[in-house]
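Colleague: Predicted model follows, preceded by the sequence.
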Amino acid sequence: MRGPLQLRCSIVRAYLLASMSASLRRLSIAGAAAATAHLLLLAWTVVQTLHAQDGGQWQEYWIKFLALDFPLSLGVVPLAWLFPAASGGPLHDLANFWWPLAYHGTIGTLWWYAVGAYIGRRMASWRTRSESDDGAEH
């Protein structure tokens, strides 16, 4: 015989499992693809930045993200424009390396997930509407 605590635990466990599977069903494949592409570009930018640290122009690699993540990328601009690049290179520069990396890595990736999910929903509704139009003709 189950006690009241065991019963409540099993109900909570069943609810959590059901909500997790429901959220996984709602996960947008297009959004995940866009967010993954964004993270890959971010990783490539970090590699370029670390290899260019001797050239002194390493902070210019972040410029592409100003356009890519616009308008959300404006949150990076104040720190990056107020502080010059650190003489020790990117690993010693909070305002021009670590802040853009953290900001674009989180906010930019979430932005591209949302954009991809929106595009995926629009394409799905267009496909559904197109299929229903084809079905009405026959």
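Modeller: Cool, got the structure.

Colleague: Spatially central residue for the protein, please.
Modeller: In the chain, the residue lying closest to the centroid (Cα atoms, centre = their mean) is T109, at 1.7 Å.

Colleague: Return the residues in contact with it.
Modeller: Contact analysis of T109 by Cβ atoms under 8 Å, 6 or more residues apart in numbering lists 35, 38-39, 42. Any C-beta I mention is one placed from the backbone N, CA and C, and that applies to glycine too.

Colleague: Need the max-distance pair from those.
Modeller: Greatest spatial distance in those: A35 and L42, 10.3 Å, computed using Cβ to Cβ.

Colleague: quick one: buried residues of whichever strand or helix holds S130?
Modeller: S130 belongs to helix 109-137 when assigned by DSSP states H and E. Neighbour counts over helix 109-137 (16 or more other Cβ atoms under 10 Å) mark 109, 111-113, 116-117, 120 as buried.

Colleague: got it, and stretch 71-79?
Modeller: Judged by neighbour count using 16+ other Cβ under 10 Å, the buried positions of stretch 71-79 are 72-73, 76.

Colleague: before we move on, what about stretch 83-95?
Modeller: Buried residues in stretch 83-95 (16+ other Cβ under 10 Å): 85, 89-90, 93, 95.
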